[in-house]
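1. sequence below, structure please.
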Amino acid sequence: MIIRPLLNLFLILLVVDAVLSYIPQVRQQVWAQKLKQGADFVLNPIRKFLPKDWPVDVSPLIVIIIVKLFELLW
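-> The predicted structure follows:
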């Protein structure tokens, strides 16, 4: 019962982190750095398998798809 709201909260964290990556002035804030640390905990293992020369980081999209598939199966 509590898993779905937590997953949705985590997805919001990922989306906010992705949006903040385009705003360099905000990325220097302490709260934004903590948010990035929380998102990178899950995104970094995915990034290891992706090509480094891609112009856009698609790891948040991959994690969102995996979480949504997990919700469908749950």
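2. any idea which element Asn8 lies in?
-> Per DSSP states H and E: Asn8 is located in helix 3-20.
3. output the contacting helices and strands for the first helix or strand past that helix going along the chain.
-> Next in sequence after helix 3-20, counting helices and strands by DSSP H and E, comes helix 24-27. Using 3 or more CB pairs under 8 Å, 6 or more residues apart in numbering; DSSP states H and E, the elements in contact with helix 24-27 are helix 30-49. Any C-beta I mention is one placed from the backbone N, CA and C, and that applies to glycine too.
4. and the helix it packs on, which residues are buried?
-> Neighbour-count burial for helix 30-49 flags Ala32, Leu35, Lys36, Ala39, Val42, Leu43, Ile46 (criterion: 16 or more other CB atoms under 10 Å).
5. list just the nearest of these to Leu6.
-> Distance to Leu6, by CB to CB, is smallest for Val42 among those, at 13.0 Å.
6. once you drop chain neighbours, what's closest to the closest one?
-> Leaving aside its sequence neighbours, Val42 sits nearest to Val63 (CB to CB, 6 or more residues apart in numbering; 5.7 Å).
7. double-check that neighbour against Arg47; I have them as touching.
-> No - the pair Val63 / Arg47 is not scored as a contact, 10.3 Å apart, by CB atoms under 8 Å.
8. and Gln28, how many neighbours?
-> 8 (other CB atoms under 10 Å).
9. and stretch 59-72, what's buried?
-> Ser59, Pro60, Val63, Val67.
10. what about the third one, distance to Ile23?
-> From Val63 across to Ile23, the span is 21 Å (CB to CB, to the nearest Å).
11. next up, the contacts around Ile64.
-> By CB atoms under 8 Å, 6 or more residues apart in numbering, the contact set of Ile64 is Leu11, Leu14, Val15.
12. still on that earlier bit, tell me which element the residue nearest to Val42 is part of?
-> Assigned by DSSP H and E, Val63 belongs to helix 59-73.
13. measure Leu13 to Pro60 for me?
-> Note on Leu13: its distance to Pro60, by CB to CB, is 10 Å.
14. joint contacts of those two?
-> Ala39.
15. thanks again, I'm all set now.
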